[in-house]
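Participant: Got a predicted structure here, sequence first:
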Amino acid sequence: MIGPVGGDSAGAAAAGAGADALSRFLPRLAQWSARPWRLVRGAWRRSIQLRVITATLALSVVVVSLLGVTLSRQITDGLLRAHADAAVADAAAGVDSAQRTLAVSTDPPDELRQTLTRIVESLAASGNTSAASDPLYEIVVFGDEGSRTYRSGASSASVPEALRERVTTEERIFRTYTSIHYLDGREVPGLAVGGQIVDPYGGDYELYYLFPLTEQQQTVDLVLTALATAGVLLIVLLCALAWLVARQVVTPVRLAARIAERFSAGKLAERMAVRGRDDLARLAMSFNQMAASLQHQIGQLEDLSRMQQQFVSDVSHELRTPLTTVRMAADVLYESRGQFDPVTERSVELLQAQLDRFEALLTDLLEISRFDAGAAALSAERYDVRDIVHKVVDTATPLAVEKGSELVVDVPVEPAMAEVDARRIERIVRNLVVNAVEHGEGHDVRVTVAADDHAVAITVRDHGVGLKPGESSLVFHRFWRADPARARTTGGTGLGLSIALEDARLHGGWLQAWGEPGEGSQFRLTLPRLAGDDLRSSPLALVPDDVGDGALAEASAIGAPYRRIAPGGADAGGPSSPVASAAPASAAPAPAAPAAPPSAEEVGRHA
């Protein structure tokens, strides 16, 4: 008969709940147990002083232990050897005396046991002195058939069987260490010395002296205690000396590290205190000389940079006035160009085009000077990035038609909202789209927008000449050209990508480039949804998914992307490689590859 299964279900549920609780508890227990080890390992890695003291402690323990073992063994062997030599001499004398007395005895065989007892009692009495509470030795005699004939105050079990075998086989004196068992139950370490005696009738007897080693054991214990105390004190002293020496060496190093940190933070007047004339004083003097030299050179560079920025700003502003006058005269000539002969008309048109170019260059120079002076401000408002992209594409469509290209826009259905400065983002996208059209060799240009929970990304893909290895970061240099010997007949002022990079940096975003000869290029702009947030990934891949495996393999060698530089020079986060998102475009980029990006200083110079 089968009963209800409700109880079984409840038991299974309880067992499952217990297993879940145990599975949650075990990882926490592992973390708690590993926490002390992590703290110790962290302290070990951070502190030179701790490593020096630990090494000194370990070596001191080893050396003191070996020294203590050696000394204790030598002292113990010396004490026991001297006592053993004296004991063997006393026992040999007693055995000889007993043998002589027994040899001249004329007692009949039935009275020989009493005679032997008197001899042994006489020998035992000579070991009792008034100066000692215990006798100097105890005596045990065994008869010819192994039976105990006499014992003074110790049990016959105190004599080891191995010693008895040696004594019965050879007529010599033998000794060995043993434990003496007294009749009152005490047990002390001792030395057993024995020899063989023979009566006039040919009977064999075994005579053993049992010498207690109580005093020697106490002496050895005292010596061991003294050695252990001295060893501990020596180890403590060595550790204290190691701590003192390490502190004297580490303290100036730590001071130099703190001063170097303050120096790197911009406090160029920080110096180390010089005390004495030792090696540490020389280190402090050298550090101060280096700091003074760096301060002087940095000051010169800052003065030169300020002069350069001021010069660019002043020239840009001063050229505004004559440019305005020239512009007015050129506009008059341009409006009347139909009245001139063909040569003059063409000259007027060229003058108008170059004035437009010159005016754009002055505008870009003024914008760059504002970035250099740190005067650029971000007016962030919440915008739909799709609207900015559509506005730029509508503006660039006539140029695309002129170049024989088609602008393809791929935007998500959902709004791509972000806190951005619309004017600056429009300038970035316009620069990327116009560059793609001008260098796309008549092929289509695709503009893609994607967004996730933390970032919005825009990519501009062309299929033109592409970029050579290393040029993906050089394109952000001011006035950079792929062929320096070639005159600038196409494109803008040469400052567009530099300004775009600064605009992206102002937003806390990334502006990255990828390219392959013959495969075209792709630029990716990634912006945080909230102004001031740090970026960790991009919704779009940097390397497009329409390139072959060879391009993916070469991507890490095409230069590194721009990374946002946080105040103080620290890297504020960003992809660690140009192939950080070298996967097909999706809502979640692939993990960053471990390729080494350029330094923050190098990226800063690109701007």
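Facilitator: Arrived safely, thanks for sending.

Participant: which SSE is the spatially closest residue to residue 539 that is not a sequence neighbour in?
Facilitator: Excluding its sequence neighbours, the residue lying closest to residue 539 (C-beta to C-beta, 6 or more residues apart in numbering) is residue 450, at 4.0 Å. Backbone N, C-alpha and C define where each C-beta goes, glycine included. Per DSSP states H and E: residue 450 is located in strand 445-451.

Participant: just the CA coordinates of that strand, formatted as CSV?
Facilitator: The C-alpha coordinates for strand 445-451 follow below in CSV (Å, rounded to 0.1, in the frame of the first residue of the first chain):
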residue,chain,number,x,y,z
VAL,A,445,29.5,56.1,-46.4
ARG,A,446,27.6,54.5,-43.5
VAL,A,447,26.7,56.4,-40.3
THR,A,448,25.6,54.1,-37.5
VAL,A,449,24.1,55.1,-34.1
ALA,A,450,23.7,52.7,-31.2
ALA,A,451,23.0,53.0,-27.4
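
Participant: now the angle from the helix or strand just after that strand to strand 445-451?
Facilitator: Counting by DSSP H and E, the next helix or strand C-terminal to strand 445-451 is strand 455-462. Angle, strand 455-462 to strand 445-451, by axes from the mean of the first three to the mean of the last three C-alpha atoms, to 10 degrees: 170 degrees.

Participant: What helices and strands are in contact with the following helix or strand past strand 455-462?
Facilitator: Per DSSP H and E, strand 455-462 leads on to helix 471-474 as the next helix or strand towards the C-terminus. With contacts taken as 3 or more C-beta pairs under 8 Å, 6 or more residues apart in numbering; DSSP states H and E, helix 471-474 sits against strand 510-516, helix 600-606.

Participant: The stretch 251-400 of the chain: strands as residue ranges?
Facilitator: 381-384 (DSSP state E, counting those that start in this stretch).

Participant: Can you pull out the low-pLDDT segments for it?
Facilitator: By pLDDT under 70, the low-scoring segments of the stretch 251-400 of the chain are 312-313, 316, 364, 370-375.

Participant: and what of the stretch 1-150 of the chain?
Facilitator: Ranges of the stretch 1-150 of the chain meeting pLDDT under 70: 1-19, 21-22, 25, 129-133, 144-149.

Participant: need the helices for it, in chain order.
Facilitator: Along the stretch 1-150 of the chain, the segments classed as helices by DSSP state H, counting those that start in this stretch run 6-46, 48-103, 112-125.

Participant: could those helices go into TSV alongside mean neighbour count and distance to residue 294?
Facilitator: Shown next, in TSV, are those (neighbours: other C-beta atoms under 10 Å; distance: least, C-beta to C-beta, whole Å):
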stretch	mean neighbour count	distance to residue 294
helix 6-46	10	27
helix 48-103	15	25
helix 112-125	17	94
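
Participant: how about JSON lines for the ones you listed, with distance to residue 231 added?
Facilitator: Formatted as JSON lines, the helices of the stretch 1-150 of the chain follow (distance: least, C-beta to C-beta, whole Å):
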{"stretch": "helix 6-46", "distance to residue 231": "25"}
{"stretch": "helix 48-103", "distance to residue 231": "4"}
{"stretch": "helix 112-125", "distance to residue 231": "43"}
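
Participant: so which of the ones you listed gets nearest residue 193?
Facilitator: helix 48-103 (3.7 Å; C-beta to C-beta).

Participant: Now the residue nearest to residue 172 when sequence neighbours are not counted: phi and psi?
Facilitator: Leaving aside its sequence neighbours, residue 172 sits nearest to residue 195 (C-beta to C-beta, 6+ apart; 7.0 Å). Here the main-chain torsion angles of residue 195 (degrees, to the nearest 10) amount to phi -150, psi 170.

Participant: Neighbours of residue 195, how many?
Facilitator: Residue 195: 24 surrounding residues under other C-beta atoms under 10 Å.

Participant: Show me what it is bridged to.
Facilitator: residue 207 (DSSP bridges).

Participant: so it sits right up against residue 170, yeah?
Facilitator: No - using C-beta atoms under 8 Å, residue 195 makes no contact with residue 170, being 9.6 Å away.

Participant: domains in this protein, as residue ranges please.
Facilitator: 37-267, 279-371, 380-485+492-606 (automatic domain parsing).

Participant: Switch those over to TSV; also include distance to residue 273.
Facilitator: Output for the domains of the chain, formatted as TSV (distance: least, C-beta to C-beta, whole Å):
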stretch	distance to residue 273
domain 37-267	8
domain 279-371	7
domain 380-485+492-606	25
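
Participant: okay, the ones you listed, which one's buried deepest?
Facilitator: When the domains of the chain are scored by mean count of other C-beta atoms under 10 Å, the highest mean neighbour count falls to domain 380-485+492-606 (a mean of 19).

Participant: Centre of the chain to that domain, how far?
Facilitator: 34 Å (C-alpha atoms, centre = their mean, to the nearest Å).

Participant: repeat for stretch 161-177
Facilitator: With C-alpha atoms, centre = their mean, you get 67 Å for stretch 161-177.

Participant: How about residues contacting it?
Facilitator: The contact list for stretch 161-177 (C-beta atoms under 8 Å, 6 or more residues apart in numbering) reads 80, 84, 87-88, 91-92, 95, 142, 160, 178, 189-196, 204, 206, 208, 213.

Participant: Out of the helices of the stretch 1-150 of the chain, the one nearest residue 335 is which?
Facilitator: helix 6-46 (75.4 Å).

Participant: still on that earlier bit, per-residue confidence for the residue nearest to residue 172?
Facilitator: On the pLDDT scale, residue 195 is placed at 88.
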